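S.K.: Got a predicted model here, sequence first, then my questions.
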Amino acid sequence: MRTWCGEVRETDIGSSQSIAGWVNRRRDHGGLVFIDLRDRSGVVQVVINPEDNAEVHNTAHEIRNEFVLQVQGEVRKRPEGTENPQIETGQVEVVVKGLKILSECKPLPFMIEDDTDDSEFLRLKHRYLDLRRPVIQKNIILRHRTTKSVREYLDAHGFLEIETPVLTKSTPEGARDYLVPSRMNPGHFYALPQSPQLFKQILMMSGFEKYYQIVKCFRDEDLRADRQPEFTQVDLEMSFVEKEDVMTLVEDLLKKIFKDVTDLEFKEQFQRLTYKETMERFGSDKPDLRFALELKDVGDLAKDSSFKVFLGALADGGLVKGINAKGLAGYSRKELDDLTEEVKTFGAKGLAWIKVKNGFESPIAKFFPEQTLKAIAQRLAAEEGDLLLFVADKGKVVNDSLARLRNELGKRLNLIKNDTYKFLWVTDFPLLEWNEDEGRYEAMHHPFTSPADEDIEKLLSLNFSDPELSTVHRSLFTEVKAKAYDIVLNGFEIGGGSIRIHKKDIQDKMFELLNISADDANSKFGFLLEALEYGAPPHGGLALGLDRLVMILAGAQSIRDVIAFPKTQKAVCPLSNAPSTVDGKQLRELSIKLDVAE
RNA sequence: GGGGUGGUAGUUCAGCUGGUUAGAACGCCGGCCUGUCACGUCGGAGGUCGCGGGUUCGAGCCCCGUCCACCCCGCCA
């Protein structure tokens, strides 16, 4: 039996052990040779003494980094003064009796060590080497422990793990689909699922009552540090529940995961905010609550100024909001310009500032009556030495840019403590959202999300095709609340769900409001609509973004660090070189002709 | 589609105002070394300066184009 390298201890002293692993490092003294042998569990020092075994000692000189060795040896206490407290096996060493080189290794493209600044592309190209780094292995193992915890919990609560198709049907709403051509049906395509949404609802209508799946989802959209084209969801759905049931269960599940994986216990209920409140206070529906720095609406006060930028924004129905950058009144022109650049990416035209420094120091102070400045300062709880920052524009621009600024200030002011976790439920999302480009409403969550009970009548009274669709009428659309909820952790949306529509008439109305014709709806979601007519139970669920959750648990900066084989920003896998061209024969079988610019 | 940063030895980087032979560290190869653990020490090899074009007596450096990587916007829940 092989012993784990990292588990050799003083209790093994005197025993003979067989170990195997990779050469983490070789220290060849000419006489004595030391080898740190590494396997998944850790490293142990192996000693080769020429006086013990000349033949083995000769072999030892040939050994290089990342050779794979089989070692037979005796565990010995290290001589006094040579112990290494840095490693877990540092009190002992293995004296070699027999040594076999199982595999050799060419010179490496990069060093196998935790601390790396090698380019990610190179690391992904040789991912099998990169994955040998203990830090990355730790992340992958942590991911395993997370999914194990999920399975234990959901199994204990009566959930059934059921697989859903990967070759499925393209859906018009939501993200761009990955398509797979069908050889048997020329000109027809499968789509890879953006989520198992429709199938899990069908499973509820099939009477399984509690379903879950740890499942790959696919979205052909541009990548980010926290977005990959294929990613994993912990997907779950329950029948005969209201949103409170789902939220309680998921909250409980997350608490168990944290306890199992990080040993942290969360006793209190997770904080909850409505969408409206979180947008007002933080400008975002996924605020990082590890720090305060709340936004304040100062539109009512700005009215009393003669500052055209503020007045103009208000006249156009926009907002003026501010944030208090605590203690940053000393900021230079350059630093203020940097902050301005931050907000400009979201469309803000500028960033107004007031330094609270022997009164008010600001290029815009002259437009404000003294008492208005005081009122603004008071609203932002300003103290001597603070820097007040303002954006005035359309509501969306103001909130997006100040939310970004808030995160930036949180970092600059060192308000974000590592190993702190702040969960937040965001509830009462609007059901619908106006899409400027397409000139129609879209489901904010997805088209199967149930409206809030109290808004159902309002919903049924709405009529998208009303030619008189006035601004007032439009605002009615966005007043309808959904039974949707997101779970946010440290500024990341790690999950979201809803209670679904289980009544045909409401689902029909929903499609009507989304300007999807009955014919269209039938050809795209007909099977779901039909199932709704054969005894559909009320149901709802949620999906957790496993990659993001594990990223946070691992303290990683990118989900690529918690995915064994991730893709680059251009959705390429440098290891396998996917995607690639294919033979003409394959294309002919699929009845596909290419139209690619040279 | 757009903005930003970067691309020089196997790797991470330096390379001044455009100047003649492009450097460092680590790694690699060889010698020496019996208590090291980022071993030490002596020596050595190693370059399509991402790619294409241009300006110039002369380009790693300037200009144009292009490719790739990362971060962000749009997009995506």
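M.R.: Received, thanks. Numbering: from 1, shown residues only, chains lettered A, B, ... in the order given.
S.K.: any idea how far A:Arg26 lies from RNA strand B?
M.R.: Counting by Cβ to the nearest atom of the strand, to the nearest Å, the separation of A:Arg26 from RNA strand B is 7 Å. To be clear about C-beta, it is placed using only N, CA and C from the backbone, and glycine gets the same treatment.
S.K.: hmm, I was thinking of A:Glu66
M.R.: In terms of Cβ to the nearest atom of the strand, A:Glu66 sits 9 Å off from RNA strand B.
S.K.: count of residues packed around the spatially closest residue to A:Leu293 that is not a sequence neighbour?
M.R.: Leaving aside its sequence neighbours, A:Leu293 sits nearest to A:Arg406 (Cβ to Cβ, 6 or more residues apart in numbering; 5.2 Å). A count of nearby residues for A:Arg406, using other Cβ atoms under 10 Å, gives 24.
S.K.: A:Lys483 against A:Ile499, yeah?
M.R.: Yes: if you go by Cβ atoms under 8 Å, A:Lys483 and A:Ile499 touch, sitting 3.8 Å apart.
S.K.: anything in contact with each of the two?
M.R.: A:242-243, A:449-450, A:540 (Cβ atoms under 8 Å, 6 or more residues apart in numbering).
S.K.: Remind me which helix or strand A:Arg272 belongs to.
M.R.: Taking DSSP states H and E as the definition, A:Arg272 sits inside strand A:271-274.
S.K.: buried ones in the helix or strand following that strand?
M.R.: Later in the chain than strand A:271-274, the nearest helix or strand by DSSP H and E is helix A:275-282. For helix A:275-282, a neighbour-count test (16 or more other Cβ atoms under 10 Å) marks A:275, A:278-280, A:282 as buried.
S.K.: close to RNA strand B, is helix A:275-282?
M.R.: No: counting by Cβ under 7 Å from any atom of the strand, RNA strand B has no neighbours in helix A:275-282; the shortest distance is 8.8 Å.
S.K.: Contacts for the next helix or strand after that helix, please.
M.R.: Toward the C-terminus, helix A:275-282 is succeeded by strand A:296-297 as the next helix or strand (DSSP H and E). Identification of contacts with strand A:296-297 by Cβ under 8 Å, 6+ apart yields A:280, A:319-324, A:379-380.
S.K.: Tell me which helix or strand the residue of the stretch 451-598 of chain A found nearest RNA strand B sits in.
M.R.: Closest approach of the stretch 451-598 of chain A to RNA strand B (Cβ to the nearest atom of the strand) occurs at A:Gln569, with a separation of 2.8 Å. Under the criterion DSSP H and E, no helix or strand holds A:Gln569.
S.K.: Would you check how far apart it and A:Asp226 are?
M.R.: 12 Å (Cβ to Cβ, to the nearest Å).
S.K.: tell me how far the ends of stretch A:22-39 are from each other?
M.R.: End-to-end distance for stretch A:22-39, by Cα to Cα, to the nearest Å: 6 Å.
S.K.: Repeat that for stretch A:223-233.
M.R.: Stretch A:223-233: ends 17 Å apart by Cα to Cα.
S.K.: Quick check: buried residues in stretch A:431-439?
M.R.: By neighbour count with 16+ other Cβ under 10 Å, stretch A:431-439 contains the buried residues A:431-432.
S.K.: Neighbours of the closest residue to RNA strand B within the stretch 301-450 of chain A, how many?
M.R.: Relative to RNA strand B, the nearest point of the stretch 301-450 of chain A is A:Thr345 (4.6 Å; Cβ to the nearest atom of the strand). Number of residues near A:Thr345 (other Cβ under 10 Å) recorded here: 10.
S.K.: Likewise for A:Gln378?
M.R.: Counted with other Cβ under 10 Å, residues neighbouring A:Gln378 total 10.
S.K.: domain assignment for chain A?
M.R.: Domain ranges of chain A: A:5-103, A:117-270+A:537-598, A:291-412, per automatic domain parsing.
S.K.: how about JSON lines for those domains, with mean pLDDT added?
M.R.: Formatted as JSON lines, these follow (pLDDT from 0 to 100):
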{"stretch": "domain A:5-103", "mean pLDDT": "95"}
{"stretch": "domain A:117-270+A:537-598", "mean pLDDT": "95"}
{"stretch": "domain A:291-412", "mean pLDDT": "94"}
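S.K.: returning to that earlier point: so between A:Gln569 and A:Asp226, which is more surrounded?
M.R.: Counting neighbours by other Cβ under 10 Å for A:Gln569 and for A:Asp226 shows that A:Asp226 has the greater number, 18 against 13.
S.K.: Ramachandran angles for the more buried one?
M.R.: Backbone torsions for A:Asp226, taken as degrees, to the nearest 10, come to phi -110, psi 20.
S.K.: show me the contacts for the residue nearest to A:Glu294 when sequence neighbours are not counted.
M.R.: With Cβ to Cβ, 6+ apart as the measure, A:Arg281 is the residue that lies nearest to A:Glu294, at 4.8 Å, once sequence neighbours are left out. Neighbouring residues of A:Arg281 by Cβ under 8 Å, 6+ apart: A:273, A:287, A:294-295.
S.K.: Most neighbours among those, which one?
M.R.: The residue in those with the most neighbours, by other Cβ under 10 Å, is A:Leu295 (27 neighbours).
S.K.: Next one: A:Leu203 from RNA strand B, what distance?
M.R.: On the measure of Cβ to the nearest atom of the strand, A:Leu203 and RNA strand B end up 19 Å apart.
S.K.: typo on my end, it should be A:Leu108
M.R.: For A:Leu108, the distance to RNA strand B - Cβ to the nearest atom of the strand - is 6 Å.
S.K.: give me the number of residues near that residue?
M.R.: Count around A:Leu108 with other Cβ under 10 Å applied: 12.
S.K.: Let me know how buried A:Pro574 is, in neighbour terms.
M.R.: The number of residues packed near A:Pro574 is 18, by other Cβ under 10 Å.
S.K.: how about it, what does it touch?
M.R.: A:121, A:124-125, A:127, A:568.
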